[in-house]
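**Q** this one's structure only:
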Ligand SMILES: Cc1cc2nc3c(=O)[nH]c(=O)nc-3n(C[C@H](O)[C@H](O)[C@H](O)COP(=O)(O)OP(=O)(O)OC[C@H]3O[C@@H](n4cnc5c(N)ncnc54)[C@H](O)[C@@H]3O)c2cc1C
């Protein structure tokens, strides 16, 4: 291990501004948060970058705050912290459920939401919930800061709109989930420590037997996690009956493009995604 570690450099800045200076002045240096993805790559001998900036201790990127309109949390918020926050539990239960089904306790204590977003796995478990909740993310560099919608941030497999010198510092969720039904399912080989074959997060509102609106997001079925906007449009304003559900399923399969891989088959993923949509929509009637 020691000869391997000799090839790497890790610096620990004392503040966010110092970390941003380090990123600006060391092109090629990458942030090191909880390290749960990076350490796996190190162990496998696949850690491409050599220089790392340890952001774990930056208090500016921690904490969960609520205003009248949003809940905002630091990108270093861990899965354990997500699960124990009362506002997140009450208003954003899908994020808490995703956190509780991510890895085991050690990963939940160390893995961060920011790292999960930037690692950009299409099979990651918190992005479907974050997308369904219309999350926005804050990107900061020495050049300034910007809030951008999380929707559209990932543009292709492991591709995203973040500059080399930017840190993802905070994530915020609009507090507009009142009256909605929340539906989150992670389908994997077993109940714990399994990567998703399909991950499904959805919100829906009904009035007088009609669907007012839905937000439907599916993971592990395309190069990026997919917000199924066409299916949402198909459902808006419709009476919730068998015909509507069938039409929605037809739309869903056009929006996803699952592949065969070591964890599952394309066919299975199509079928499970449809089953989960049916289960979600049927549950809206209750
Ligand atoms: C055994 C095991 C089980 C797991 N199970 C699951 C699971 O069930 N579901 C799931 O979704 N994931 C799972 N993971 C993946 C992992 O835990 C998450 O992706 C984790 O959230 C990454 O966060 P981190 O802080 O550890 O990131 P790190 O490993 O520190 O970094 C990951 C990447 O993000 C970058 N980065 C991190 N933070 C920032 C930031 N704030 N700004 C800019 N760039 C940043 C790093 O440079 C790196 O490229 C598992 C991992 C392991 C090892």
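**A** Alright, I've got the coordinates. These figures come from a predicted structure and were not determined experimentally.
**Q** measure the most centrally placed residue in the chain to residue 40 for me?
**A** Central residue of the chain (C-alpha atoms, centre = their mean): residue 127, 1.5 Å from the mean position. According to C-beta to C-beta, to the nearest Å, residue 127 and residue 40 sit 18 Å apart. Every residue, glycine included, has its C-beta placed from N, CA and C.
**Q** burial count for the residue nearest to residue 238 when sequence neighbours are not counted?
**A** Leaving aside its chain neighbours, residue 238 sits nearest to residue 244 (4.5 Å; criterion: C-beta to C-beta, 6 or more residues apart in numbering). By other C-beta atoms under 10 Å, the residues close to residue 244 number 16.
**Q** ok, residue 244 - contacts?
**A** By C-beta atoms under 8 Å, 6 or more residues apart in numbering, the contact list for residue 244 reads 211, 235, 238, 281.
**Q** so which of those wins on neighbours?
**A** Most surrounded of the contacts of residue 244: other C-beta under 10 Å gives residue 235, at 25 neighbours.
**Q** who are the contact partners of it?
**A** Going by C-beta under 8 Å, 6+ apart, residue 235 touches 211, 214, 244, 248, 281.
**Q** and with 10 Å instead?
**A** Residue 235 is in contact with 204, 210-214, 216, 228, 244-245, 247-248, 251, 277, 281, 284, counting by C-beta atoms under 10 Å, 6 or more residues apart in numbering.
**Q** report the buried members of those residues.
**A** By neighbour count, with 16 or more other C-beta atoms under 10 Å, the contacts of residue 235 hold 204, 211, 214, 216, 228, 244, 245, 248, 251, 277, 281, 284 as buried.
**Q** show me where this structure has its helices.
**A** Counting by DSSP state H, the chain has helices at residues 2-5, 16-25, 38-43, 79-84, 86-91, 93-100, 105-110, 113-119, 126-132, 229-235, 242-255, 266-284.
**Q** buried residues, the fifth one. List them.
**A** Same thing as helix 86-91. 88, 91.
**Q** from here on, call the first residue 48.
**A** I'll keep to 48 as the first residue from here, and by that count the last item is helix 133-138.
**Q** now for it, which elements pack on it?
**A** Applying 3 or more C-beta pairs under 10 Å, 6 or more residues apart in numbering; DSSP states H and E, we find helix 133-138 packed against strand 111-113, strand 117-121, helix 126-131, helix 140-147, strand 214-221.
**Q** circling back: out of the contacts of residue 282, which two sit at the greatest distance?
**A** 257 and 275 (19.3 Å; C-beta to C-beta).
**Q** find the closest residue to the ligand in the stretch 98-247 of the chain.
**A** Closest contact between the stretch 98-247 of the chain and the ligand, by C-beta to the nearest ligand atom, is at residue 162 (2.1 Å).
**Q** for that residue, what are its contacts?
**A** With contact set as C-beta under 10 Å, 6+ apart, residue 162 has these partners: 78-85, 102, 122-123, 125, 171, 215.
**Q** what do you get if the cut-off is 8 Å, keeping everything else the same?
**A** Counting by C-beta under 8 Å, 6+ apart, residue 162 makes contact with 80, 81, 83, 84, 122.
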